[in-house]
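> dropping a prediction and its sequence here:
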Amino acid sequence: MDVRVRYAPSPTGLQHIGGIRTALFNYFFARSSGGKFILRVEDTDRERYSDESLEDLYSTLDWLGIKWDEGPVVGGPYGPYIQSERFDIYKKYAEQLVKEGKAYYCYCTPERLEALREEQVRTKSEYQGYDRHCANLTEEERAELEKKGIKPVIRLKVPTEGKTTFHDVIMGDITRKNKDISPDPILLKSDGFPTYHLANVIDDHLMGITHIMRAQEWIPSGPLHVLLYQAFGWEVPTYCHLPMVMGKDGQKLSKRHGSTAVREFREKGYLPEAIINYVTLVGWSLDGSTEFLSKEQLEKCFRMENIHKNPGKFDYKKLDWFNSQYIRMADDGRIASLMMPYLIKAGYISSTPTAEEEEKVRKLVKPAKERMKVISDIVDLSKFLFVDEPVEDPEMYIAKGSDIEKTRKALERGGDILFKGLEEGKADEKIEEELCALSSELEIKVNGVFQPIRVAITNSQVSLPLFDSISLLGLDEAKRRLERAKEFIKEK
RNA sequence: GGUUCCUUCGUCUAAUGGUUAGGACAGGAGAUUCUCAGUCUCUAAAUAGGGGUUCGAUUCCCCUAGGAACUACCA
């Protein structure tokens, strides 16, 4: 049987790291086993639903380059793939279970349930959950309640005896006593929408899903789902519960640990290949030594057997490392165009860059490339090119081991050597040699000559290399800044 | 509280019934470079604890401890 897997997110928030890790595992498993990857939108919670979330889902998968074989937009033979458009299906199946005596209508109000819960907590009752108050209503009682206009929910009858087991490819057999399964969960809400459990089981069956790969947080509801499959008389798919992605403190990764939405990473200038590579490596590994795995490679070599049991912590620093590596590997033209929006947003270049501006950005790539962890770093790195804010603390010009006198000389004589050399078209290395000679003459370290000049030209103690900076700035502007610094230091 | 699951360096992980328990990130040290970054070299760092089974266990079993998830008309 051909593999069919799905990613079935709920559009109630932005796509986050944990979610796309699940998507990626499903996607890679489908590709590597020649199966189909299906996208299904589980939008049965109309309270938390948002259009923005749905758009974010599409744009995030698109950005990552994850294409689905069946699902919204592309369609497929088992559609619709959006649960809110399958409304009638769930109702039909839920009512079928009622008819067969496997489920029942419940008219309990949220208030009663709330009170029940409080009571159970207060008395530290051993019995937790719904008390099956409506499990054995007579037809007359039902009619009475219907007459009052109470909209019922449909609850599944969970056996009180016996136990239910399901097999998980990663975890092995997982067994739960039926009496420990949340008593009589709601299948169909009073608004007629299905709950997750119902919709998920029905759709997975109807869509021919063969492997259910989802986060381990779903393990506790595994037996319940099996009960549902059995109630319908359907074959249970293969389960594969994925280890969770945790934060530094070992708790489920969430906003308080830092960025979790993929969109945020994208906005900061992470590359999709870095995200894919790193995220895939938490909870899965090829051989323990291969670090760099492209999406294309993963589509071939992903094996379910290599998925781990234990949860993994998300390490932002390792992601940074991956990202800086991928930035360096990336094509210069691509990096240039990725940098553009940040420079525009910073107001450094116009929103429709001129040819001259584009050229400038293009030249910026080479020196900046190996200094960026994320593309947005370019804003700080290139500020001196677009904004001229001279350093006004004389101390900043003075290198360690130097003093104001020597700094003045370095600026004056070093500046002469530098610009004379550049104007004559001397090689950078040659000029550098001459500047080094000056430093030994002044009895200071090489940096004693370079630092004041660099600070003068780049307006910062931390900058791109001097020659790159001058070349980017242009000779005239560089010279102007140096002259200004000379004047400034002279007065001190 | 109840239920279920998990446990190799700080982190992600590799390996095997017999190894000096390997790699990477982060950390530390050094080298290099005009600063920063980078690069290179070196370094420290782990089988949670206790019982078994076994000639031998980190690996198999049990217990303990710790952690996590779930416990909604949310998914």
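Okay, I see it. Numbering: from 1, shown residues only, chains lettered A, B, ... in the order given.

> what segments of the stretch 1-150 of chain A are helices?
A:17-32, A:51-64, A:87-99, A:110-122, A:139-147 (DSSP state H, counting those that start in this stretch).

> just checking, what packs against the first one?
What it means is helix A:17-32. With contacts taken as 3 or more Cβ pairs under 8 Å, 6 or more residues apart in numbering; DSSP states H and E, helix A:17-32 sits against strand A:4-7, strand A:36-39, helix A:51-64, strand A:211-215, strand A:238-242, strand A:245-246, helix A:272-280, helix A:295-301. From N, CA and C alone the C-beta is placed, and that goes for glycine too.

> and of the helices of the stretch 1-150 of chain A, who's closest to RNA strand B?
With Cβ to the nearest atom of the strand as the criterion, RNA strand B lies closest to helix A:110-122 of those, at 4.8 Å.

> for that closest one, buried residues please.
A:L113, A:L116 (16 or more other Cβ atoms under 10 Å).

> still on that earlier bit, now mean pLDDT and distance to RNA strand B too, for the helices of the stretch 1-150 of chain A, in TSV please.
As requested, the helices of the stretch 1-150 of chain A are exported to TSV (pLDDT from 0 to 100; distance: least, Cβ to the nearest atom of the strand, whole Å):
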stretch	mean pLDDT	distance to RNA strand B
helix A:17-32	97	9
helix A:51-64	98	11
helix A:87-99	96	11
helix A:110-122	88	5
helix A:139-147	92	11
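
> sorry, back to before: now the helices and strands packed on helix A:17-32 in JSON lines, please, with extra columns for mean neighbour count.
Output for these, formatted as JSON lines (neighbours: other Cβ atoms under 10 Å):
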{"stretch": "strand A:4-7", "mean neighbour count": "25"}
{"stretch": "strand A:36-39", "mean neighbour count": "23"}
{"stretch": "helix A:51-64", "mean neighbour count": "17"}
{"stretch": "strand A:211-215", "mean neighbour count": "22"}
{"stretch": "strand A:238-242", "mean neighbour count": "20"}
{"stretch": "strand A:245-246", "mean neighbour count": "21"}
{"stretch": "helix A:272-280", "mean neighbour count": "22"}
{"stretch": "helix A:295-301", "mean neighbour count": "14"}
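
> can you list the ones you listed in JSON lines and add distance to A:K406?
Below are the helices and strands packed on helix A:17-32 laid out as JSON lines (distance: least, Cβ to Cβ, whole Å):
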{"stretch": "strand A:4-7", "distance to A:K406": "64"}
{"stretch": "strand A:36-39", "distance to A:K406": "66"}
{"stretch": "helix A:51-64", "distance to A:K406": "52"}
{"stretch": "strand A:211-215", "distance to A:K406": "63"}
{"stretch": "strand A:238-242", "distance to A:K406": "62"}
{"stretch": "strand A:245-246", "distance to A:K406": "54"}
{"stretch": "helix A:272-280", "distance to A:K406": "44"}
{"stretch": "helix A:295-301", "distance to A:K406": "55"}
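
> which of those sits closest to A:T165?
Nearest to A:T165, of all the helices and strands packed on helix A:17-32, is strand A:238-242, at 11.1 Å by Cβ to Cβ.

> between that closest one and helix A:17-32, how big is the angle?
Orientation of strand A:238-242 against helix A:17-32 (axes from the mean of the first three to the mean of the last three Cα atoms, to 10 degrees) gives an angle of 140 degrees.

> how about the residue nearest to A:N306 when sequence neighbours are not counted, phi and psi?
Nearest residue to A:N306 in three dimensions, chain neighbours excluded: A:W284, at 5.5 Å (Cβ to Cβ, 6 or more residues apart in numbering). When read as degrees, to the nearest 10, the backbone of A:W284 gives phi -150, psi 150.

> could you find the closest non-adjacent residue to A:Y93?
A:I202 (5.5 Å).

> thought the one you found was touching A:D88?
No: using Cβ atoms under 8 Å, A:I202 is not in contact with A:D88; the gap is 11.4 Å.

> next up, the contacts around the residue nearest to A:N306.
A:F25, A:F302, A:N306, A:I307, A:H308 (Cβ atoms under 8 Å, 6 or more residues apart in numbering).

> what residues are up against the closest residue in space to A:S294 that isn't next to it in sequence?
In space, and not counting its chain neighbours, A:S294 is closest to A:E273: 6.5 Å by Cβ to Cβ, 6+ apart. Listed by Cβ under 8 Å, 6+ apart, the contact partners of A:E273 are A:S294, A:K295, A:Y326.

> distance check, A:E273 against A:W63.
Separation of A:E273 from A:W63 (Cβ to Cβ, to the nearest Å): 11 Å.

> then A:P110?
40 Å.

> could you list the low-pLDDT ranges of the stretch 251-400 of chain A?
Of all residues in the stretch 251-400 of chain A, none has pLDDT under 70.

> what parts of it come near RNA strand B?
Contact residues (Cβ under 7 Å from any atom of the strand) of the stretch 251-400 of chain A with RNA strand B: A:251-252, A:281-285, A:287-289, A:291, A:306, A:308-313, A:315, A:317-318, A:320-321, A:324-325, A:370-371.

> any of the residues you listed buried? List them.
A:L281, A:V282, A:G283, A:W284, A:P311, A:G312, A:S324, A:Q325, A:R371.

> and the last one, its phi and psi?
Reported as degrees, to the nearest 10, the phi and psi values for A:R371 are phi -110, psi 0.
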